[in-house]
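**Q** Here is a sequence with its predicted model. Questions after.
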Amino acid sequence: MATKIRLQRHGKKGKPYYYIVAADSRVKRDGKYIERLGDYNPNENPAIINIDFERTLYWVKTGAQPTDTARAILSYKGVMMKNHLDKGVIKGAHTQAEADAKFVKWEADKTGKIEGKIEGLKKAEGAEAAKKLAAEKEVNDKRLAEFQAKEAALHAAAVAAAAPVEVIAEVVEEAVVEATETVVEVVEVVAEKVEAVVAVVAEEAPAKEEKKED
């Protein structure tokens, strides 16, 4: 029986979740499997991968062929590296102690890379959050400025609505002053003319009296 290590799809539409399984290659992808070896959740960043390392390594050593995606996952988790090192021990390329030491070093390097990626993602998320916060602040400041402008406009309108009473009072006062000044001027002109007439009459009166005596 040809055995494959592959992914079996589960989860909701748009949010897939996979089992990592050892299955008969003749069975359809989401059909019956021989053994569930782990699970893979690609909806997180980085993706969450859980596997039974020893059982997965067992199936690889017994000839189970992983699909391309499954191979990438097993390589990421170190199963393929461990299998390679153990083959080296069998061939006499190195001892089991040397193989174990190499694998420990590989794990340490891999962990460092993963932690570095996680740290980079956190920084990127922080920068993105700061960018969003700045954008939100800009929008809020703009809205506040617009609100203050509208409030100022409403205040100006209210002042303008109350202004005519004072303006009318000022205009009436000015009109009364102007009218009073005009009446005074007329009275003064009339008075001057009256005085002139009186003076003329006063001059002519003695001349008439002299003619009567003659």
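**A** Sure, I can see it.
**Q** Looks to me like Y58 is in a helix.
**A** Yes. Applying DSSP: H, G, I helix; E, B strand; the rest coil, one finds Y58 inside a helix.
**Q** burial measure for it, as a count.
**A** By the criterion of other Cβ atoms under 10 Å, Y58 has 14 neighbours. In this view, the C-beta of every residue, glycine as well, is placed from N, C-alpha and C.
**Q** How about N140?
**A** Counted with other Cβ under 10 Å, N140 comes out at 10.
**Q** tally of neighbours for L57?
**A** 20.
**Q** And it, how far from E151?
**A** Note on L57: its distance to E151, by Cβ to Cβ, to the nearest Å, is 72 Å.
**Q** Would you mind giving the domain segments of this protein?
**A** 3-77, 94-167 (automatic domain parsing).
**Q** from these, which stretch is densest packed?
**A** Mean neighbour count (mean count of other Cβ atoms under 10 Å) peaks for domain 3-77 among those, with a mean of 16.
**Q** First-to-last residue distance for that domain?
**A** 20 Å (Cα to Cα, to the nearest Å).
**Q** again, but for stretch 71-88
**A** First-to-last residue span, stretch 71-88, Cα to Cα: 20 Å.
**Q** In the protein, what residue spans correspond to helices?
**A** For the chain, the helices defined by DSSP state H occupy 53-61, 68-77, 79-91, 96-213.
**Q** which other residues reach the first one?
**A** Contacts of helix 53-61 from elsewhere in the structure, counted by Cβ atoms under 8 Å, 6 or more residues apart in numbering, are 3, 5, 20, 22, 35, 37-38, 66, 74, 77-80, 82-83, 86.
**Q** How far does that helix sit from its chain's centre?
**A** 47 Å (Cα atoms, centre = their mean, to the nearest Å).
**Q** can you pull the buried residues of stretch 88-95?
**A** G88 (16 or more other Cβ atoms under 10 Å).
**Q** what stretches of this protein score poorly on pLDDT?
**A** 1, 159-214 (pLDDT under 70).
**Q** residue closest to the middle of it?
**A** For the chain, the residue nearest the mean C-alpha position is K132 (3.4 Å; Cα atoms, centre = their mean).
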